[in-house]
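*Asks:* Would you be able to build a 3D model of this:
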Amino acid sequence: MGCLLAESNISPLDAHLGYWLRFVSNHVSHAFAAKLAGRGVTVAEWVVLRDLHDRDGVAPSLLADRLGMTRGAISKLADRLAAKGLLTQTADPDDRRYQTLALTPEGRALVPDLSTLADRNDADFFGHLDPAERARIEDALKGIVRRMGLRSIPVD
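*Replies:* Residues are numbered from 1 along each chain as shown. Down below sits the predicted model:
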């Protein structure tokens, strides 16, 4: 039988700010993923849909760079969204290797509804914060992103 020894120089898990960030983040992300799943979309698909909503069409490589994803990930997401009728993949007639991704009318119409789900999820978790408190938290997190040079958009 093993004996658990408490070592005073070993910090507990919940002594780390990262623990609490991850704790909250996991719950926020899971709740949002569940809301999106009810509409047949994943978080990664939502990120692509939202980005494309403000553009007439974009090359997959540019989308990958902007979102901090691999080109392979964008290709798989584009294929899934096209299969759902939410995105078109148009090949250049002069160079079939070059494609443009754009939302279909159905995809464009879905984005505002999904955005409402994102807003509701945000309000569920952070709506109780007063504006100054929310701004402090957001500024602190954005400061970490800048200082660490973080680029990839969270999709899972």
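
*Asks:* switch to C-alpha atoms for all contacts and neighbour counts from now on
*Replies:* Will do.

*Asks:* Just the strands from the chain, written as ranges.
*Replies:* 87-91, 99-103 (DSSP state E).

*Asks:* Nearest to G57, out of those?
*Replies:* Distance to G57, taken as C-alpha to C-alpha, is lowest for strand 99-103 among those, at 4.5 Å.

*Asks:* State the distance from R151 to L67.
*Replies:* 8 Å (C-alpha to C-alpha, to the nearest Å).

*Asks:* Compare the two and say which is more crowded by neighbours.
*Replies:* Under the criterion of other C-alpha atoms under 10 Å, the comparison of R151 against L67 puts L67 first, with 18 against 13.

*Asks:* Touching, that one and V155? I think so.
*Replies:* No: taking contacts as C-alpha atoms under 8 Å, L67 lies outside contact range of V155: 9.7 Å.

*Asks:* Low-confidence ranges, the protein, go.
*Replies:* Within the chain, the ranges that satisfy pLDDT under 70 run 1-7, 96, 156.

*Asks:* got CSV for the strands of the chain, with mean neighbour count too?
*Replies:* Formatted as CSV, the strands of the chain follow (neighbours: other C-alpha atoms under 10 Å):
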stretch, mean neighbour count
strand 87-91, 19
strand 99-103, 22
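
*Asks:* Distance to A123 added to those, as JSON lines?
*Replies:* What follows is the strands of the chain, written out as JSON lines (distance: least, C-alpha to C-alpha, whole Å):
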{"stretch": "strand 87-91", "distance to A123": "29"}
{"stretch": "strand 99-103", "distance to A123": "27"}
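
*Asks:* closest to G127 out of the ones you listed?
*Replies:* Nearest of the strands of the chain (C-alpha to C-alpha): strand 99-103, 31.1 Å.

*Asks:* for the closest one, the distance to its chain's centre please.
*Replies:* Strand 99-103 has its C-alpha centroid displaced from the chain centroid by 20 Å (C-alpha atoms, centre = their mean, to the nearest Å).

*Asks:* Touching it from outside, list them.
*Replies:* Here strand 99-103 makes contact (C-alpha atoms under 8 Å, 6 or more residues apart in numbering) with 49, 52-53, 55-60, 78, 86-92.
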